[in-house]
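1. What follows is a predicted protein model with its sequence.
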Amino acid sequence: MIRKFLGLLILLLSSQISIAQQGTSSPYSFLGIGDLKFNGTIENRSMGGISVFSDSIHINLQNPAAYGNLKFTTYTLGASYNQLRLESGAGEDKGSSTSLDYLAVAFPISSKIGVGFGLVPFTSVGYSFEGIGETGFPSAPYKFAQYEGEGGLNSVFFSMGYKISKGFSVGGTVNYNFGTIENQNTEFLGELNEDGLFFRTLNYGTRSRDESKLSGLSYNLGAYYETKFNDKLSLTTSLTFSPQSDLTSRNSRVLTALNITGAGGEDISPGQIDEVDLGNRAKTDLVLPTRLAFGAGIGEKNKWFAGAEYTLQNNSDFGNGLTIIENVNYENGSKIAAGGFFIPKYNSFTSYWDRVTYRAGIRYEDTGIMIRNEAINDFGISFGVGLPVARSLSNVNLGVEFGRRGTTNSGLIKENYVNFQLSLSLNDKWFVKRKYN
């Protein structure tokens, strides 16, 4: 199993770098360095995204202290499919995207220490929209603009957890973040006809293409504590903290003059392409904000668990130093989430469905993004199941999330989305000395 998974890991590492960066079709990925991806497993996501729960056979990507609880080597990978319905005052549209969400391997190296490594998407950019605005020029009072973007950031991580005493663990994660973001803006000048539709009055336009290559380190620290109420019930508390860190962005901008042919195509003549000297903006530093999360839960081992988590994030310095967007501000954000699971009878010999893990959760997030003085909030409800594989500790996890983000106020866009998720969590034992008779 180990050789097969490692071969799959190597194969998917190369595809993940490109696929994860196309993991969104949201127009809000136009902002900053893209959509922040959920940094956790589908097991956690199906419980509202809480990171409070930890056990000995699943990887907890959100709290590195949980690695100290591992008893088995665990390989996990997850993927998702997103359906998006966009609403605005001008009408509706649809979009969809598919992405690999994580690849990770974790294993105990002693009874108190566990480590893990893998690859996860950090942000994702994937948008295409257009609009009409005023120019202030009498000869061509309006402009038609088309905006497109793609790319994002990925994170290669290494985590370690240490069990200080029974029930109490601490841990840390080092992330190397890297990726490329491309934003393109194409504009044509013209007028509006009697029906309010744009038509060109000039047979040329302009295109600006920005490229940012980003890289940098970030960190996540965690603590996890579990204590028993009685013979059945246990109380769990968790804490994670990500200090402020920086990304270095190497930027370039290319301007192109477009000559419009009679057939409506584009004829780009040599000499009409100009690379802009960005001066001190050719290399900029972007701030990844401080993030703090703490939560608590109660449950019965191998039976049920219920927990809640609150997250604070200092988004005020978050953004993209090359692309300046008017009427957009970043404020401190927060998220509250609650969820849990239920297993009817984990060791049932008569019913497969009694061994299934049933999960559910809910969350509400103030993203900290303000557009035209309108707050962009995100709300979601999630459900999932963990399906045992034969009589092993491995399982297949299915999840679905229904959510809503944004508003139609002030000419903005509201997103209604459905996320379908699939993951594999496979278990094995390493560092076991086999005995032969």
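-> Done, it's in.

2. measure Gly89 to Thr407 for me?
-> The spacing between Gly89 and Thr407, counted by C-beta to C-beta, to the nearest Å, is 11 Å. To be clear about C-beta, it is placed using only N, CA and C from the backbone, and glycine gets the same treatment.

3. who has more neighbours, these two?
-> Per other C-beta atoms under 10 Å, whichever of Gly89 and Thr407 has more neighbours is Thr407, with 18 against 10.

4. what's the pLDDT at the more buried one?
-> According to the prediction, Thr407 has pLDDT 92.

5. ok, now which ones touch it?
-> Glu374, Ala375, Ile376, Asn377, Lys414 (C-beta atoms under 8 Å, 6 or more residues apart in numbering).

6. now the third one: how far from Ile325?
-> Right, the one you point to is Ile376. 13 Å.

7. so where's the stretch 151-300 of the chain uncertain?
-> 261-271 (pLDDT under 70).

8. in which helix or strand would I find Thr98?
-> Thr98 is located in strand 91-108, with elements delineated by DSSP states H and E.

9. my bad, Gly131
-> Short version: Gly131 belongs to strand 113-134, going by DSSP H and E.

10. That strand - what's its average pLDDT?
-> 89.

11. From the contact counts, what lies against it?
-> Judged by 3 or more C-beta pairs under 8 Å, 6 or more residues apart in numbering; DSSP states H and E, the packing partners of strand 113-134 are helix 2-19, strand 35-36, strand 91-108, strand 142-165, strand 168-192.

12. Take the ones you listed and write them to JSON lines, including distance to Leu247.
-> Formatted as JSON lines, the helices and strands packed on strand 113-134 follow (distance: least, C-beta to C-beta, whole Å):
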{"stretch": "helix 2-19", "distance to Leu247": "17"}
{"stretch": "strand 35-36", "distance to Leu247": "13"}
{"stretch": "strand 91-108", "distance to Leu247": "20"}
{"stretch": "strand 142-165", "distance to Leu247": "8"}
{"stretch": "strand 168-192", "distance to Leu247": "6"}
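
13. With respect to Phe117, which of the ones you listed lies nearest?
-> Ranking the helices and strands packed on strand 113-134 by proximity to Phe117 (C-beta to C-beta) places strand 142-165 first, at 4.8 Å.

14. Strand 113-134 and that closest one, what's the angle between them?
-> Counting by axes from the mean of the first three to the mean of the last three C-alpha atoms, to 10 degrees, strand 142-165 lies at 170 degrees to strand 113-134.

15. quick one, strands of the stretch 201-350 of the chain?
-> Assigned strands in the stretch 201-350 of the chain, in chain order: 233-242, 245-260, 266-267, 273-275, 283-288, 291-300, 304-313, 328-330, 333-342 (criterion: DSSP state E, counting those that start in this stretch).

16. got the angle for the second one vs strand 283-288?
-> I take that to be strand 245-260. Going by the same axes, to 10 degrees, strand 245-260 makes 120 degrees with strand 283-288.

17. do the last one as well
-> Using the same axes, to 10 degrees, the inter-axis angle of strand 333-342 relative to strand 283-288 is 50 degrees.

18. by contact count, what packs against strand 333-342?
-> Applying 3+ C-beta pairs under 8 Å, 6+ apart, we find strand 333-342 packed against strand 304-313, strand 357-371.

19. Please work out the average pLDDT along the longest one.
-> Looking back up the chat, that one is strand 357-371. Rounded mean pLDDT across strand 357-371 is 95.

20. Good, wrapping up.
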